[in-house]
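Visitor: how would this look folded up:
(one chain, ligands or ions: 2)
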Amino acid sequence: MAHIYVAFFAFIVGALMGLLQGLVRGGMIELPSWLGYYQILTVHGVLLALVFTTYFIFAFLFAGGSRTLGAMPDGIRKLGWIGFWVTTIGTLMAAVLILAGEASVLYTFYAPLAAHPLYYVALTLFVVGTWIAGAAVLAHYFGWKKANKGQKTPLFGFMATATIILWIVACLGVATTVLLQMIPWSFGLTDSMNVLLSRTLFWYFGHPLVYFWLLPAYMAWYVCIPKIIGGKLFSDSLARLAFVLFLLFSIPVGFHHQLMESGVSEFWKFVQTVLTFVVIVPSLMTAFSIFGTFEQTSRLQGGRGALGWLGKLPWNDVRFFAPMMGMLIFIPAGAGGIINASYQMNAVIHNTLWVVGHFHLTVGSTVVLTFFGISYWLIPHLTGRKFTPFLNRLGMVQTWLWAIGMFFMSGAMHLMGLLGAPRRTAYTTYQDHPTAMAWFEGMFTNYITVAIGAVILTAAALLMFYNFIYMVWLAPKGETEFPVSEPSSDASTTPAIFENWKLWIGIVALLILFAYTIPVYDMIVNAPPGSPVFNN
Ligand code: HAS
Ligand code: CU
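Guide: Ligands and ions are numbered 1, 2, ... in the order given. You can find the predicted model right below:
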């Protein structure tokens, strides 16, 4: 619950900043002089993409660990709390600096734009805190394995382990650039830094970061949704294989965020693009598995016809409907990702609003709608309250509002991006050019549509915040189930190799060395001219 409180507080503040941005971009309001556009954009990105997600994920992993592996031993629980406090001190420090206008560097804190040096210390605390909390998740899982030798490990714990290992390995990149480059540079100990190297280390982390958000949502799809619809997961082994593939292929792909950057040879961009297309496979496997689970369950319940069985799914149950909406949105969202990863098309969309549209569909809809869907049972489960029909109705309205708001906002962003509307930019004079003006005044393709979407999304966010308050304090006392599907097979059918974490970590290391050693060596030996600190 401690994690949930921080998550939802961050959520509501971050969401309101999103409204301000939508209105500023739509030309409907002007910010007061003491509030900067880049400042609120930073608050929005940091609170939603980093703070809300991370705290919610740890709440889910801790609660699910206790549910499937048994109560957490005291020592591990302490470790969890230490992690919570270290992360929270980092979060508070970062928040103060952003509010003071000392860190308006957006959620990617790209060099050479520099924040107050203490901002990087705050980020370090944040990451270290998540490592400690992650160690608690791992200790719980491996403790269970030791005590239950020969038994099949619960799917939830397996997936949580893969997610945390992914996170720890990914963070090594951002930790390296923050500790070795950004801190000395922002404190003035060095007067210039290698920006190309810094961005490369950032994206070594930044891509797996998006899977750190996605995998817990997938966990809910694989472990909780089958139970909610009254069935069993289609295949336990296929699910484990998907998570192993995510662990292996999420990291050596960061260059797909740097395709338009000079200083990286086309060969290494090509290699990492191929690996990016490999990491699409486990998502396609997930689509197959979950669709299979839906069909199997519906047919067992009497569903008929080629698609008629879809009617058997519990469309009116928000615990199903919210994540399902997330899945449906992930179909175009994932297709957009494939477009991004295709070199020639990346040249069209890079640094445009298209990318902002892309991530509001992926993390902002697929992941977040799944997290809302989880909240509707997880919060009452933790607070000892009931999931009432009233709450279900509120949830259904909330989900529809979110999806409709995103349709307008993200849809317009995608199209405007194709026409060249920039991202990360409050205003550019080239939009004053008559041709550009005409483009952005299309029926749907304009900043007003974005703003309308933002207003609908704000209504959805306020309703979600009310639902959170309702679930914590107002709902009638009682019990709500943490849904966990029964294993679809026994231990004998799960290949033992899936539990061979040393092997997977070894392959992860090899893949990273293969994809990064030569280009990084090149960046250091043939370094571009160093960059001084820029403040905005
Ligand atoms: Fe992305 C940029 C490529 C997935 C997030 N991405 C971003 C940024 C963010 C982000 C935040 O290659 C911006 C970063 C910044 O600030 O600069 N992305 C991809 C690819 C995928 C992908 C190939 N992204 C995600 C996910 C994210 C996320 C997931 C967050 C959670 N992305 C890129 C690229 C860029 C990028 C470039 C850089 C752009 C640039 O130039 O700056 C893939 O993982 C997508 C695979 C997914 C699928 C969909 C499978 C469908 C499923 C649903 C099944 C439905 C069911 C329901 C079961 C192929 C699983 C069926 C029921 C019925 C009734 C039909
Ligand atoms: Cu990526």
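
Visitor: setting aside sequence neighbours, what's the nearest residue to the residue of the stretch 201-350 of the chain found nearest ligand 1?
Guide: The nearest approach of the stretch 201-350 of the chain to ligand 1 comes at residue 334, 2.2 Å away (CB to the nearest ligand atom). From N, CA and C alone the C-beta is placed, and that goes for glycine too. Nearest non-adjacent residue to residue 334, counting by CB to CB, 6 or more residues apart in numbering: residue 283, 6.0 Å away.

Visitor: residue 6 versus residue 499, what's the distance?
Guide: 33 Å (CB to CB, to the nearest Å).

Visitor: out of the two, which sits in the busier spot?
Guide: residue 6 (22 against 16; other CB atoms under 10 Å).

Visitor: which other helices and strands does the host helix or strand of the more buried one contact?
Guide: Assigned by DSSP states H and E, residue 6 belongs to helix 2-25. Where contact means 3 or more CB pairs under 8 Å, 6 or more residues apart in numbering; DSSP states H and E, helix 2-25 is packed against helix 37-45, helix 53-69, helix 74-99, helix 368-383, helix 447-469.

Visitor: and the ones you listed as TSV, adding distance to ligand 1, mean pLDDT and mean neighbour count?
Guide: Below are these laid out as TSV (distance: least, CB to the nearest ligand atom, whole Å; pLDDT from 0 to 100; neighbours: other CB atoms under 10 Å):
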stretch	distance to ligand 1	mean pLDDT	mean neighbour count
helix 37-45	8	96	21
helix 53-69	9	97	24
helix 74-99	17	97	18
helix 368-383	9	98	24
helix 447-469	17	97	20
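
Visitor: those helices into TSV, with extra columns for distance to residue 317?
Guide: Shown next, in TSV, are the helices and strands packed on helix 2-25 (distance: least, CB to CB, whole Å):
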stretch	distance to residue 317
helix 37-45	31
helix 53-69	19
helix 74-99	31
helix 368-383	9
helix 447-469	15
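
Visitor: thought residue 186 was touching residue 122?
Guide: No. Counting by CB atoms under 8 Å, residue 186 does not reach residue 122; the two are 11.9 Å apart.

Visitor: with only the CA atoms kept, save the helix holding residue 6 in CSV.
Guide: This file holds the C-alpha atoms of helix 2-25, laid out as CSV (Å, rounded to 0.1, in the frame of the first residue of the first chain):
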residue,chain,number,x,y,z
ALA,A,2,2.9,2.4,0.7
HIS,A,3,3.9,2.0,-2.9
ILE,A,4,0.3,2.4,-4.1
TYR,A,5,0.0,5.7,-2.2
VAL,A,6,3.1,7.2,-3.8
ALA,A,7,2.0,5.9,-7.2
PHE,A,8,-1.4,7.5,-7.2
PHE,A,9,-0.2,10.7,-5.7
ALA,A,10,2.4,11.0,-8.5
PHE,A,11,-0.3,9.9,-11.0
ILE,A,12,-2.7,12.7,-10.3
VAL,A,13,-0.1,15.5,-10.2
GLY,A,14,1.5,14.1,-13.4
ALA,A,15,-1.8,13.9,-15.1
LEU,A,16,-2.8,17.5,-14.3
MET,A,17,0.5,18.6,-15.8
GLY,A,18,-0.5,16.7,-19.0
LEU,A,19,-3.7,18.8,-19.1
LEU,A,20,-1.7,22.0,-18.9
GLN,A,21,0.6,20.9,-21.7
GLY,A,22,-2.3,19.9,-23.9
LEU,A,23,-3.9,23.4,-23.4
VAL,A,24,-0.6,25.2,-24.0
ARG,A,25,0.0,23.4,-27.2
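
Visitor: how about residues contacting that helix?
Guide: 29-31, 37, 40-41, 43-44, 46-48, 51-52, 55-56, 58-59, 62, 84, 88, 91, 375, 378-379, 382, 409, 426, 447, 450-451, 453-455, 457-458, 461-462, 464-465, 468 (CB atoms under 8 Å, 6 or more residues apart in numbering).

Visitor: identify each buried residue in the lowest-mean-pLDDT helix or strand in the chain, please.
Guide: Least confident helix or strand of the chain, by mean pLDDT, DSSP states H and E, is helix 434-439 with a mean of 77. For helix 434-439, a neighbour-count test (16 or more other CB atoms under 10 Å) marks 436, 439 as buried.

Visitor: still on that earlier bit, state the number of residues packed around the residue nearest to residue 334.
Guide: Neighbour tally, residue 283, other CB under 10 Å: 18.

Visitor: and it, how far from residue 67?
Guide: The value you get for residue 283 to residue 67, if CB to CB is used, is 26 Å.

Visitor: quick check: residues of the stretch 201-350 of the chain near ligand 1?
Guide: 210, 213-214, 256-257, 276, 280, 283-284, 286-287, 290-291, 310, 327-328, 330-331, 334, 337-338, 340-341, 346, 350 (CB under 6 Å from any ligand atom).

Visitor: at 5 Å instead, please
Guide: 210, 213-214, 256-257, 280, 283, 286-287, 290-291, 327, 330, 334, 337, 340-341, 346, 350 (CB under 5 Å from any ligand atom).

Visitor: out of the residues you listed, which end up buried?
Guide: Buried, going by 16+ other CB under 10 Å: 210, 213-214, 256-257, 283, 286, 290, 327, 330, 334, 337, 340-341, 346, 350, out of those.

Visitor: which SS class is the nearest residue to residue 418 once chain neighbours are set aside?
Guide: Excluding its sequence neighbours, the residue lying closest to residue 418 (CB to CB, 6+ apart) is residue 354, at 6.2 Å. When classified by DSSP: H, G, I helix; E, B strand; the rest coil, residue 354 comes out as helix.

Visitor: which residues touch residue 354?
Guide: 336, 348, 413-414, 416-418.

Visitor: just those residues: which are in helices?
Guide: Using DSSP state H, the members of the contacts of residue 354 that fall in helices are 336, 348, 413-414, 416-418.

Visitor: possible to save these as a markdown table with pLDDT and neighbour count?
Guide: Formatted as a markdown table, these follow (pLDDT from 0 to 100; neighbours: other CB atoms under 10 Å):
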| residue | pLDDT | neighbour count |
| --- | --- | --- |
| 336 | 98 | 21 |
| 348 | 96 | 14 |
| 413 | 96 | 29 |
| 414 | 97 | 23 |
| 416 | 92 | 26 |
| 417 | 93 | 24 |
| 418 | 93 | 17 |
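
Visitor: which one of those residues is nearest to ligand 1?
Guide: Each of those was checked against ligand 1 using CB to the nearest ligand atom; the closest is residue 336, at 7.6 Å.
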